[in-house]
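1. here's my sequence, what's the structure:
(chains A and B)
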Protein chains: 2
Amino acid sequence: MKKVGVAILGLGTVGGGTYRILTEKREMFRQVQKLDVSVEAVLEINRAKAEALGVPEGVLTASLDDVLNNPAVDIVVEVIGGVEPARTFILSALKRGKTVVTANKELISKYWYEIEAVAKEHRAGFYFEASCVGGVPIIRTLIDGMQANRIESMMGIINGTTNFILSKMANEGLDYGSVLRQAQESGFAEADPTSDVEGFDAAYKLSILSSLAFSAKVPLEEVYREGISGIDIKDINLGKELGYTLKLLGIGKNTEKGIECRVHPAFIPKSNPLASVDGSFNAVLLHGDSVDDIMLYGRGAGALPTGSAIVSDILYAAKQQEHYYTPFPNTKKADPATRFVTDFETRYYLRLTVADAVGVLSSISGVLGRHNVSVLVVEQRGEAKNGAAEIIFITHKTFENSIQAAIAELKKSDLVYAVNTLIRVED
Amino acid sequence: MKKVGVAILGLGTVGGGTYRILTEKREMFRQVQKLDVSVEAVLEINRAKAEALGVPEGVLTASLDDVLNNPAVDIVVEVIGGVEPARTFILSALKRGKTVVTANKELISKYWYEIEAVAKEHRAGFYFEASCVGGVPIIRTLIDGMQANRIESMMGIINGTTNFILSKMANEGLDYGSVLRQAQESGFAEADPTSDVEGFDAAYKLSILSSLAFSAKVPLEEVYREGISGIDIKDINLGKELGYTLKLLGIGKNTEKGIECRVHPAFIPKSNPLASVDGSFNAVLLHGDSVDDIMLYGRGAGALPTGSAIVSDILYAAKQQEHYYTPFPNTKKADPATRFVTDFETRYYLRLTVADAVGVLSSISGVLGRHNVSVLVVEQRGEAKNGAAEIIFITHKTFENSIQAAIAELKKSDLVYAVNTLIRVED
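-> Now for the predicted structure:
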């Protein structure tokens, strides 16, 4: 039976989950996978974490050199997170010819080109299923399941923290700040929630998934990003009345005009399968030209779900005679032949506070019309107060640049007191 | 660049879709997959089909020997369907060392042991992603994505025809017979619909998927099977009022008692993600002990979706240095160590016509109670007529043998005029 030695760098949540799966299921992997997978080294400074998991004395180390010099280690699992020291550790392991498995979406989205070049040079494997959508095998599906397709689009809920917050706001009618605090207290959001709530985490994942789906490197800089920290519960409630659910979406499209990638809050109709993906669950809807729609749904985070993806990569990697490398150029930038779309086309929900006066609506409609923004729904909400009224517009499909130009002009108008909200509406 | 020669046996719906994808996307596969995949032979007697697809003269043949003797053919795609001649063709190809890709669920569920033994002996590959759930990469997910899990259960809508019929009955309030006729006219059901509507097709797929999920051969004979031809629109409507949607489900469980596999109509609550899977879409919900719930959703049939799975297998197979074989025994029967559960435990919906008389309810409840069937909901529906009333029960979890014994006793009772319906209720 083939022996596979694994080293785990970092015993945080995911490292701990990975250790547990590998040790508890060793016999199952021997029987079903015909692989004898053993944890040969664990790099962790915090001895208490190692003791709590029962890591044996001889396996635990605080020195990367111990790990890299250990000839029994074939596969190095990096679950430290962040850019450094993870980047240096991964590059060092690859240079020794060791295959690397990681969950580090930030690192991959920023240094994929560098890591893959080193992996290729040393014929080592580089696997990162766990970096996107936790335990859901989305990367395996893109690489090994949808190859017969030109993938035209993807739309997903790819960050659990923001989905937890938005679901709770919508279900309980609470405002952003108080739900964020609850999420922090119950461990669903970090003490510094910026990476999740401002959409960075989702943008990392979208750059990775889009690159694989569209077979073209999509650098992080090409992903439009907007978070949920400015979301007002008022708009969630108004959207609900209009039949919409608010989600933080990662959207990727590959059209004749080029590749378009964006992360932002969006209203989707309740009939969209993503609308019912609640709490910390994630889901991605893919459209391929042969297979039509496919949706994958599951847990986007957590010790065991993400550990499941890591261990899946270990077992998969152990069976490869030749590792897979993407055909992307080894530069930080995209292939110059790849075009990116920034003036994307969608529908918009717009909430304004305007003067309660005759001719206001026609004036605003005039501004929108001059910028080729045509209106599908317009509603005044509530009674006018102190000479001011609140109006909601939902537009037909229009271009981002057009709506932004229209808003710039509206902001200059004496009749428009405030542009409260602009939220994109997707189908 | 590696050259891969493909032969397609049969130009039916799926064969045609496969031919189109392979020829139209040849350049994409060269660029992205670094594989030059060419269709070297097409076995089809109907020349008109071949001409409609533009199959070149030199590629078309009516002789299997032509295909097998062609040294340019590496991979043989069998899309004839049914047991013979598909079985003989596949075995002949494998004996020549050619890898086989097939969508033939009936053949695999009945002759897997024989085919795999021959494939192993000749070190040829045997791939069948397209046999289950069309374009959805469920087999790849089981083999390459969920290996870190002990899969505890799966529940799926794995037959498009019956889902189309049940969705249409529910949405339009039509009876089974008229919807079946419409489905036949529009091509969603075959002229002889038996394989779909009586659950055979779903049972084939469930035996394949359960075998892979539970790493134990589940012969077709161990799959309990019940179709939808006896479904009364009345029960669909009554179920709807109670918050349930009726689906034909394939259910597999792997518990301490053993493996349990069943195909039958079942009520599921509207909150179950499978409840909103409408029309000809398919979906499978899997539960792994590490990853928790995963759902895969997509088109279960059709030329291009199923062709997508076939071509995915071709590209995947072409990259393998060693093919994968299941560790199942090479006999038709299951491993004697595998236990199967037939007395499964679930909830039940029961509709009876009973005498409109004092003491009837207590008499029926007494019978149920004696068989350890405890009742969650009991309702009389409508007014009593001609001395008869209609009563619906929904039970707590109980065993199949218990409810069957209770029904046998109820049928003997003078107070019970008819046992109209027994439908299982799943969560």
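
2. and what about A:Asn171, helix, strand or coil?
-> Going by DSSP: H, G, I helix; E, B strand; the rest coil, the secondary structure assigned to A:Asn171 is helix.

3. same check, this time on the one 10 residues further on
-> At A:Arg181 the chain is in helix, as set by three-state DSSP.

4. retrieve the pLDDT associated with it.
-> Looking at A:Arg181, its pLDDT is 97.

5. can you list the residues of the stretch 151-300 of chain A near chain B?
-> With C-beta under 8 Å from any C-beta of the partner chain as the criterion, the stretch 151-300 of chain A meets chain B at residues A:215, A:273, A:276, A:281, A:283, A:288-299. The C-beta positions use only the backbone N, C-alpha and C, and glycine is treated the same way.

6. scratch that, the stretch 1-150 of chain A is what I was asking about
-> For the stretch 1-150 of chain A, the contact set with chain B under C-beta under 8 Å from any C-beta comprises A:17, A:21, A:25, A:28-29, A:31-34, A:129, A:134-137, A:140-141, A:144-150.

7. of the residues you listed, buried ones?
-> In terms of neighbour count (16 or more other C-beta atoms under 10 Å in any protein chain shown), the buried residues within these are A:17, A:21, A:25, A:29, A:32-33, A:129, A:134-137, A:140-141, A:144-150.

8. ranges for the helices of the stretch 151-300 of chain A?
-> A:160-172, A:176-185, A:194-197, A:200-214, A:233-241 (DSSP state H, counting those that start in this stretch).

9. mean neighbour count for these - can I get that in CSV?
-> CSV is the format used below for these (neighbours: other C-beta atoms under 10 Å in any protein chain shown):
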stretch, mean neighbour count
helix A:160-172, 22
helix A:176-185, 16
helix A:194-197, 20
helix A:200-214, 26
helix A:233-241, 17
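
10. tell me which of the ones you listed lies nearest to A:Tyr316.
-> Among these, the nearest to A:Tyr316 by C-beta to C-beta is helix A:200-214 (15.2 Å).

11. who does that closest one touch, helix- and strand-wise?
-> Contacts defined by 3 or more C-beta pairs under 8 Å, 6 or more residues apart in numbering or on different chains; DSSP states H and E place helix A:200-214 against helix A:105-121, helix A:138-140, strand A:151-157, strand A:223-225, strand A:244-255, strand A:258-269.

12. out of those, which is the most enclosed?
-> Mean neighbour count (mean count of other C-beta atoms under 10 Å in any protein chain shown) peaks for helix A:138-140 among the helices and strands packed on helix A:200-214, with a mean of 26.

13. and A:Tyr349, what are its bridge partners?
-> Judged by DSSP bridges, the bridge partners of A:Tyr349 are A:Ile394, A:Ile423.

14. count of neighbours near it?
-> 22 (other C-beta atoms under 10 Å in any protein chain shown).

15. for A:Arg424, see how far away it is.
-> Shown here: A:Tyr349 relative to A:Arg424, a distance of 8 Å by C-beta to C-beta, to the nearest Å.

16. now do A:Met169
-> Between A:Met169 and A:Arg424 the computed distance is 18 Å (C-beta to C-beta).

17. buried ones in stretch A:280-287, by neighbour count?
-> Under the neighbour-count criterion of 16+ other C-beta under 10 Å, stretch A:280-287 has A:280-287 buried.

18. tell me the one of the residues you listed nearest A:Pro327?
-> Distances from A:Pro327 to those, taken by C-beta to C-beta, are shortest for A:Leu286, at 20.4 Å.

19. thought that closest one was touching A:Asp293?
-> Yes: counting by C-beta atoms under 8 Å, A:Asp293 is a contact partner of A:Leu286 at 7.2 Å.

20. can you give me the end-to-end distance of stretch A:389-401?
-> Using C-alpha to C-alpha, to the nearest Å, one end of stretch A:389-401 lies 27 Å from the other.

21. buried ones in that stretch?
-> Going by 16+ other C-beta under 10 Å, stretch A:389-401 has these buried residues: A:389-395, A:398, A:400.
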